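> here you go, sequence then predicted model.
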Amino acid sequence: MDETLGGTREEETLVSIEIVKGNGRYTAKIQSGLGRYVEYENDDFENLLQQVYEDIQEELGPTF
């Protein structure tokens with residue numbers, strides 16, 4: 001925990017992301033802090049990142 005302004009700040013994992021490449025495809029494995037698990041596959045890395053971003057935005061809301 002970090003001390004901030006005389007108080008404490010607790011950290012929590014919002015989302016864990018693992019991205020791997022195999023056989024010319026990228027796979028993103030996403031585990032949310034709420035326990036939801038999903039995988040995305042795409043041949044194009046930028047398109048995969050867009051899928052991951054949209055998933056996280058939907059999970060965490062528009063303030064993300």
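Received it, and whenever you're ready, just let me know what you need.
> can I assume residue 16 sits in a strand?
Yes: under DSSP: H, G, I helix; E, B strand; the rest coil, residue 16 sits within a strand.
> name the SS class of the closest residue to it other than its chain neighbours, please.
Residue nearest to residue 16 in three dimensions, not counting chain neighbours: residue 31, with 4.5 Å by CB to CB, 6 or more residues apart in numbering. C-beta: built from backbone N, CA, C; applies to glycine. Counting by three-state DSSP, the backbone at residue 31 sits in strand.
> now do the same contact list for residue 31.
15, 16, 37 (CB atoms under 8 Å, 6 or more residues apart in numbering).
> any idea how far residue 48 is from residue 31?
16 Å (CB to CB, to the nearest Å).
> which SSE is residue 28 in?
strand 25-32 (DSSP states H and E).
> the following helix or strand past that strand - contacts with which helices or strands?
Using DSSP H and E, the helix or strand that follows strand 25-32 in sequence is strand 37-42. Packed against strand 37-42, as judged by 3 or more CB pairs under 8 Å, 6 or more residues apart in numbering; DSSP states H and E, are the following elements: strand 25-32, helix 45-60.
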